[in-house]
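**Student:** How does the following fold in three dimensions:
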Amino acid sequence: MKIENAILINPFAKSVTLVPYEYGGSYKQISEYISTPEAPNPLFTCVGINRAGDSIFIDDEGLYRETQAFFQWEGYAQPLQGFGLVLGCDEEGETVPPSVTVEQVAAKVSFPAGIMVEPRFEVRGFSSPEEFLEQFNK
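**Tutor:** Take a look at the predicted model:
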């Protein structure tokens, strides 16, 4: 197992920093980096940020947390919540050091003030494949 760097986006401190990460280690490290007192062992999801396989890992239930801070990734449609851990991914799906630098990440991240995001999901039923496809042709 090899310790190298990952990139941590901290919207609470409005910072982007390098952090040590043990590649080839446990996925639990991701949860440790994105955890908060409210969510000490969060499940996570990731948002792809480039074609090289780099992603930002975030708390999957972050929008439901009472205490939250947000950051915006340039070109991504919505703000992201909580800590973000930037990692790369190889062909086998294993985490590897990101191809982007901490400076490149800092240039793409902003910490807009006053963001309020209401979590929302919707369940729909469709009576035919055509009706389903109509939703994408509006």
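
**Student:** so Cys46 sits in a strand?
**Tutor:** Yes: membership of Cys46 in a strand is supported by DSSP: H, G, I helix; E, B strand; the rest coil.

**Student:** My guess is it contacts Asp59. True?
**Tutor:** No: using C-beta atoms under 8 Å, Cys46 and Asp59 do not qualify as a contacting pair, with a distance of 11.1 Å. In short, each C-beta sits where N, CA and C put it, glycine included.

**Student:** Which one's more surrounded, these two?
**Tutor:** Asp59 (24 against 18; other C-beta atoms under 10 Å).

**Student:** The more buried one and Phe83 touch, don't they?
**Tutor:** Yes: Asp59 is within contact range of Phe83, at 7.3 Å (criterion: C-beta under 8 Å).

**Student:** so what sits against both of the two?
**Tutor:** Common neighbours of Asp59 and Phe83, using C-beta atoms under 8 Å, 6 or more residues apart in numbering, are 34-36.

**Student:** Now do the buried residues in the lowest-mean-pLDDT helix or strand in the chain.
**Tutor:** Of all helical and strand segments in the chain, the minimum by mean pLDDT, DSSP states H and E falls on helix 129-134, at a mean of 84. For helix 129-134, the neighbour count (16 or more other C-beta atoms under 10 Å) marks no residue as buried.

**Student:** Any chance you could list what contacts it?
**Tutor:** Phe126.

**Student:** Could you do stretch 14-32 as well?
**Tutor:** With C-beta under 8 Å, 6+ apart as the test, stretch 14-32 has contacts from 1-10, 33, 41-44, 57, 85, 87, 94-97, 102, 105-106, 109, 111.

**Student:** Same question for stretch 54-66.
**Tutor:** 9, 30, 33-36, 38-39, 42-49, 68, 73, 80-89, 98-100, 117-119.

**Student:** now do stretch 94-103
**Tutor:** Stretch 94-103 is contacted from outside by 4-7, 16-18, 21, 23-24, 27, 49-50, 52-54, 86-90, 105, using C-beta under 8 Å, 6+ apart.
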